[in-house]
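>>> Need the 3D shape of this:
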Amino acid sequence: MDFLSVVNPCGMAFAAVLILPHIFYRRRHRIDKTAYANQGMYYIDRMGRFGSLFLMSFHLGVLERGFTEPKELMMRFWLISTAALLAVYLLLWGMFFKRERKHTAYLIVAVSAVIIVFSGILQVNTLLFTFGFVYLIGELYVVKQHFK
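The predicted model follows:
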């Protein structure tokens, strides 16, 4: 078992780009967890976010088969499409940092969920696919509560 069979360097880079705007936002704004009516949903959001980022970075070998045939073509398609979606994601975060709007926040959630779920589909990684939906559900709740 070699290093690259466990660690996905491209997935790790994508996961880092996905989490960095959240870190910058949390540094600027203090978020009170008690403001959320349903604490369970808040923790579901965290579990979905960090679980999906972990699964994008590391191959567990559980419920994953890797890219379908032709592997090289599918891997290239994944890299290009995810990079393009990440560019849109960063552009949306830039707009959100300038002016916090509800629709921009929902677009950020949608694009990040598409990146995670699409990665799960292309890599035939059932856990990543599932955690992508858990993240989507939790993050939609958090954004809704944030803009109340």
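
>>> Please, where are all the strands along this protein?
Remark: no strands are assigned in the chain by DSSP state E.

>>> Now for it, the helix or strand with the poorest mean pLDDT.
Ranked by mean pLDDT, DSSP states H and E, the weakest helix or strand in the chain is helix 3-6, scoring a mean of 69.

>>> Check which helices and strands the longest helix seen in the chain is in contact with.
Longest helix of the chain, by residue count under DSSP state H: helix 71-98. When contacts are defined as 3 or more Cβ pairs under 8 Å, 6 or more residues apart in numbering; DSSP states H and E, helix 71-98 sits against helix 9-28, helix 102-122. (Glycine included, C-beta is placed from N, CA and C.)

>>> Comparing these, which comes out most buried?
When you average the neighbours per residue for each of the helices and strands packed on helix 71-98 (mean count of other Cβ atoms under 10 Å), helix 102-122 leads with a mean of 19.

>>> Please tell me how far residue 129 sits from residue 104.
According to Cβ to Cβ, to the nearest Å, residue 129 stands 26 Å off from residue 104.

>>> Same check on residue 136?
Counting by Cβ to Cβ - residue 136 and residue 104 are separated by 17 Å.

>>> Point out the one among the helices and strands packed on helix 71-98 that comes closest to residue 84.
Nearest to residue 84, of all those, is helix 102-122, at 9.9 Å by Cβ to Cβ.
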